[in-house]
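> Build the 3D model from these lines:
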Amino acid sequence: MRLAKIYFCLISFLIIHPLIGQERCATVEYNQELNIVTQGIYQITSFEKWMQNKIRERKSSSVLNQIQGEQVYTIPVVIHVIHNNESVGFGSNISESQINSQIEVLNEDYRRLNFDTINTPEIFKPMAADIRIEFKLAERDPNGEETNGILRVAGTQNEWNATSSQDNQELKSLSFWPPEDYLNLWVTTIANDYLGYAQYPITELPGSVPPFDRETDGVVIHYRAFGSILKGNFPHLYSNFNRGRTTTHEIGHFFGLRHIWGDIIGCGGTDYCDDTPDAEDFHYSCSNIDPFTCGSEDMYQNYLDYSYDACMNIFTIDQSERMRIVLENSPRRKSLLTSKGILPPDDYDIAMEIRDIISPANINCEAELFPAIVVQNIGNTEISSFDILLTLEQNEYIINYTDYIIPPGNSSLLELSDEIGTWLLDPGQYYFKVGIRNPNGVDSINLENFDKEKYFLSDGTQDVAPSIERFTDLDFSNSLWSVYNPDNDLTWTLENTPVDNQNNIAASINMYNYDSLGAEDWLISPVLDMSMAPDANITFNYSYSLGDSNGDILALRVSTDCGESFPYIAFSAQGSEIETGSANGEWKPFMSSEWKKGYVDLGNFAGMQDVRIAFVTTNLNGNNLFLDDLETYVTGFTKDISLSDNSLLVHPNPSTGSQFYVSVQTEERQQVTFQVIDMNGKTVYSKYFDNVLNQTFEFDLAGHSRGIYIIRATGDTFNQVERFYLDR
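Numbers count the residues shown, from 1 in each chain. Take a look at the predicted model:
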């Protein structure tokens, strides 16, 4: 959308129509912001190229097209009412009847059962479509328990900014169900007079499913535009947006539809549907409008325009095709069709399952392991005894619980070390599996289907920042960095990687031959003590070729709890963004020109004690990736400064003020004494620093005259001298 022109248009429009106070949709702005966060995943051009290919495939398979076209799809919906502490039925804590009225509207609009189809102009009736999509409030929650599909949570702020990534993350984290199984629909108070917005779908192409966008996937609607006044007494609904069509509009976006005027001012915009006429602009109101622009009659009755609810009444055949293609192919849309969310809970008499593995975590900092799990009674009978079957590597343990009461539907945390003691593990990766057997002495169903398993890493290696990892050995056990391989398949290795005919070893991962699409592999730093660091950053050398296939993803994640969790993504890039050379097959660099230097600012983590950094690849069968010379710093200036071992640099030189900086890189961590000596041989400044490795230090010669000075830095294995000029 051309924002400047849109805003000008809105200002002009409001002068003429002062009663309009709401901006209908924030979907375009929201997804523009999301596209930045996800490194271009939500680019319209790539999505539309995929869509056109799918349309051609669909038309070339007439039998499949006919079968799929006749099938009615049912979507499980969960409504998250994020309110401002009102009682149920008041203000933003809307009533269940208002929610039900909205579900009714959706089922009418998407099946073309809405009473106002008679208002569709004759010229457009041949294009009108029954989308054959229906919506149903979830009957089963993610834990398999009974639900009415409505959750109510008090918000942490009075209103939410649609275009703020932080607001969206916070809002949706308050109440969230897996988007693979439910259409998450948040009803709340949206700031800046927006009525709603949705997250666009993505393609199933490799590289289109980043790990950092699922937690926000769904639709957000202002509570004053949710539901229909034709189906109940809901007086707080906006007067012109009171028939539930805002939700119809936004779910259209959720299934891949664009605004019918193409989000530009002037003719020539497109929504990529041939049967929605070109329009010069969006339409407000239902009257006093010019319905004829760009040489044809405008379809302002379309649900993807901005018209008032009262004059919306049509989806078209091409829009139907787009939505069904998305629903049949797009990740987190296709899986909705097989969700158990629309089914009543399973009716087991006696049954239990592992709900979650609390410990071990994916990455465990301590050598001592205290296994802990959550179990749930998913049957109709009270459980009083059961066995836990536990596997660590090849060792199996059976733990018997008797007189341990778990009522139907209830969960319980079991700290298994109370029964089997504490495990002391050497550093490395381990296999862990846990299951339940013999609840109340009976295996009435195959409980192996409910077992949970995982691979986890035990490693608490510690280091102090600054740090350097050169990878001088082919065995990771001789490195402070470690590898976590969640699928126990191909992962990071160390290999000989000569550079300009000089011997060199680098970390590499072979994604050229990696069959497991979407698999993540982790190269993890030791636990870094940055408590004394005034600043922090990391530089690294990388080499990668996009080749003839897809682009893999490289991300840098940060943990502040010793590696138990990695919630921070400090860097993410894909494909051409990290390409350093080209290859007609497997990539391996041989020249220094085929390497580049990466830099990531870690200043937000300076002053923290238990920091871990992880380079995480997402395999998309692109090509091999190499990393080397991983250097963490606790001072700035590292982005543009590269030093070899046992070197010193004074900058700026000459210095135009009393302040200047000295960057050093020693072979090993040591105490270094710095002296500043004038041309008469007099030491005018002297100071020593502990644990010097690769750092930058600030000096100030205020009160000293201009002229030439000598910097001398001396340590156990470090002795460097450099001349600089103080030009004051």
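> what's near enough to touch residue 607?
530-531, 533 (C-beta atoms under 8 Å, 6 or more residues apart in numbering). C-beta: built from backbone N, CA, C; applies to glycine.
> If we use 10 Å, what do you get?
By C-beta atoms under 10 Å, 6 or more residues apart in numbering, the residues touching residue 607 are 530-536, 634.
> tell me the phi and psi of it?
Residue 607 adopts backbone torsions of phi 90, psi 0, taken as degrees, to the nearest 10.
> ok, now residue 386?
Taking degrees, to the nearest 10 as the convention, residue 386 sits at phi -170, psi 170.
> circling back to that earlier point, from the contacts of residue 607, list just the buried residues.
530, 533, 535-536, 634 (16 or more other C-beta atoms under 10 Å).
> between these, which is nearest residue 728?
When these are compared for distance to residue 728 (C-beta to C-beta), residue 535 wins out at 26.4 Å.
> Please report the distance of that closest one from residue 700.
18 Å (C-beta to C-beta, to the nearest Å).
> which residues does residue 628 bridge with?
Beta-bridge pairing for residue 628 (DSSP bridges): residue 541.
> Kindly report the same for the one 5 residues further on.
Applying DSSP bridges to residue 633 yields these beta-bridge partners: residue 537.
> Around it, count how many other residues there are.
26 (other C-beta atoms under 10 Å).
> in terms of contact, does it touch residue 643 like I think?
No. With contact defined as C-beta atoms under 10 Å, residue 633 does not count as touching residue 643 (11.2 Å).
> Need the residues touching each of the two.
Joint contacts of residue 633 and residue 643 (C-beta under 10 Å, 6+ apart) are 663, 694, 696.
> how many neighbours does the second one have?
The reference is to residue 694. Neighbour count of residue 694, defined by other C-beta under 10 Å: 23.
> again, but for the one 3 residues further on
The burial count assigned to residue 697 is 16, neighbours taken as other C-beta under 10 Å.
> what helix or strand is the nearest residue to it once chain neighbours are set aside on?
Take residue 697 and drop its neighbours on the chain: the residue closest to it by C-beta to C-beta, 6 or more residues apart in numbering is residue 662, 5.1 Å away. Residue 662 is part of strand 659-678 when elements are defined by DSSP states H and E.
> by contact count, what packs against that strand?
If contacts are counted by 3 or more C-beta pairs under 10 Å, 6 or more residues apart in numbering; DSSP states H and E, strand 659-678 sits against strand 467-469, strand 647-651, strand 683-700, strand 707-714, strand 719-726.
> picking that back up, next, format the contacts of residue 607 as JSON lines and append secondary structure, distance to residue 500 and pLDDT.
Putting the contacts of residue 607 into JSON lines (DSSP: H, G, I helix; E, B strand; the rest coil; distance: C-beta to C-beta, whole Å; pLDDT from 0 to 100) gives the following:
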{"residue": "530", "secondary structure": "coil", "distance to residue 500": "34", "pLDDT": "90"}
{"residue": "531", "secondary structure": "coil", "distance to residue 500": "39", "pLDDT": "90"}
{"residue": "532", "secondary structure": "coil", "distance to residue 500": "37", "pLDDT": "85"}
{"residue": "533", "secondary structure": "coil", "distance to residue 500": "34", "pLDDT": "85"}
{"residue": "534", "secondary structure": "coil", "distance to residue 500": "36", "pLDDT": "85"}
{"residue": "535", "secondary structure": "coil", "distance to residue 500": "32", "pLDDT": "87"}
{"residue": "536", "secondary structure": "coil", "distance to residue 500": "31", "pLDDT": "90"}
{"residue": "634", "secondary structure": "coil", "distance to residue 500": "31", "pLDDT": "80"}
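> out of those residues, who's nearest residue 453?
Minimum distance to residue 453 across those is 34.7 Å, recorded for residue 530 (C-beta to C-beta).
> Unless I'm misreading it, that closest one sits right up against residue 634, doesn't it?
Yes. If you go by C-beta under 10 Å, residue 530 and residue 634 touch, sitting 6.6 Å apart.
> what residues are shared contacts of the two?
464-466, 536, 602, 606-607.
> could you flag which of the residues you listed are buried?
By neighbour count, with 16+ other C-beta under 10 Å, those hold 464-466, 536, 602, 606 as buried.
> Spatially, which two of these are the most separated?
Those two in these that are separated most widely, counting by C-beta to C-beta, are 464 and 602, at 14.7 Å.
> Would you mind putting the CA coordinates of the longest helix along the chain into PDB?
Counting by DSSP state H, the longest helix found in the chain is helix 44-60. Taking Å, rounded to 0.1, in the frame of the first residue of the first chain, the C-alpha atoms of helix 44-60 are listed here in PDB:
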ATOM      1  CA  ILE A  44       3.700 -10.900  -2.000                       C
ATOM      2  CA  THR A  45       5.600 -11.600  -5.300                       C
ATOM      3  CA  SER A  46       6.900 -15.000  -4.200                       C
ATOM      4  CA  PHE A  47       3.500 -16.000  -2.700                       C
ATOM      5  CA  GLU A  48       1.700 -15.100  -5.900                       C
ATOM      6  CA  LYS A  49       4.100 -17.000  -8.100                       C
ATOM      7  CA  TRP A  50       3.400 -20.000  -5.900                       C
ATOM      8  CA  MET A  51      -0.300 -19.400  -6.100                       C
ATOM      9  CA  GLN A  52      -0.300 -19.100  -9.900                       C
ATOM     10  CA  ASN A  53       1.500 -22.500 -10.100                       C
ATOM     11  CA  LYS A  54      -1.000 -24.100  -7.800                       C
ATOM     12  CA  ILE A  55      -3.900 -22.700  -9.900                       C
ATOM     13  CA  ARG A  56      -2.400 -24.200 -13.100                       C
ATOM     14  CA  GLU A  57      -1.900 -27.500 -11.300                       C
ATOM     15  CA  ARG A  58      -5.500 -27.500 -10.100                       C
ATOM     16  CA  LYS A  59      -6.900 -26.800 -13.500                       C
ATOM     17  CA  SER A  60      -4.800 -29.500 -15.100                       C
END
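> This completes my enquiry, with thanks.
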